[in-house]
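# Predicted structure and sequence below. I'll ask about it afterward.
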Amino acid sequence: MSLERALLERALRRGKKIRALGIDDAPFTPRSVEAQTDFHHTDVNVVGVVCSDTRFEGMLWNQVKRDGKDATKVLIEMIKNSKFKEQLHLILLDGIALGGFNVVDILRLSSELALPCIAVMRRYPDLVAVDEALQTFPDYQRRADTIEKAGPIYESGGFVFQIAGCSTEVAEEALIRLTDCGKVPEALRLAHLIGSAVKKGESSKRA
């Protein structure tokens, strides 16, 4: 068993608080609305919220390229350089990509940071539609391979997710512990609300 998985499992077993970093992107203009020649020049804000169980403890802020290729690298550097790094048990992502189709390699993210990673989805994705959208990119195969490498999509405990660095059972237990109400862990819910408020002047209705 890896050290990162063992630390999360031990904290859950002993009833200790779980510190999770929830990462979501702020609202942005979709690629289809603008000329496709300049989509990769646009920065999308990324919000990271640290929660101890469901209690807010801190925040990170960064940027990735819309529909770009830098999300994994940006997240690794952001978290490695953060004062929160040594306190974390888990990384949560709102889906497998940021800023449109800037796909995150969750296996690399988990491995380089020595932390389990869970990509949480609000519903089971339309994989056919996702693949069709990916085919509009010249590097379709690279993006598709990164998504496939993330492994199966699980539906467990009312959550839909992909995982790296921990088991399905541990992921489900952690998600339950980190969720105050509904089916969105509090760190992700707050990241979504904060990103919306900063970009639009007020938080969105859906979190």
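Noted; the coordinates are in hand. Predicted model, so just to flag it, every value in this text is computed and none were measured.
# CA atoms for contacts and neighbours, from now on please.
Fine.
# Low-confidence ranges, this protein, go.
Scanning the chain for pLDDT under 70 picks out 1-5, 30-41, 199-207.
# ok, which stretches of it are helices?
Assigned by DSSP state H, the helices in the chain fall at 3-13, 71-80, 106-113, 127-134, 140-149, 168-177, 186-200.
# hey, which of those helices is tucked in deepest?
Each of those was scored by mean neighbour count; the highest is helix 186-200, a mean of 22, by mean count of other C-alpha atoms under 10 Å.
# For it, report the contacting residues that lie outside it.
20-27, 45-51, 54-56, 92-94, 178-180, 202-204, 207 (C-alpha atoms under 8 Å, 6 or more residues apart in numbering).
# Kindly recompute the last result at 7 Å.
Contact with helix 186-200 is made by 20-27, 47-51, 54, 94, 178-180, 202-204, 207, as judged by C-alpha atoms under 7 Å, 6 or more residues apart in numbering.
# need the contact list for the residue nearest to S52 when sequence neighbours are not counted.
Computed as C-alpha to C-alpha, 6 or more residues apart in numbering, the closest residue to S52 that is not its neighbour in sequence is R19, at 4.3 Å. Contacts for R19 (C-alpha under 7 Å, 6+ apart) come out as 50-53, 87-90.
# Pull out the buried members of those residues.
Among those, those classed as buried by 16 or more other C-alpha atoms under 10 Å are 50-53, 88-90.
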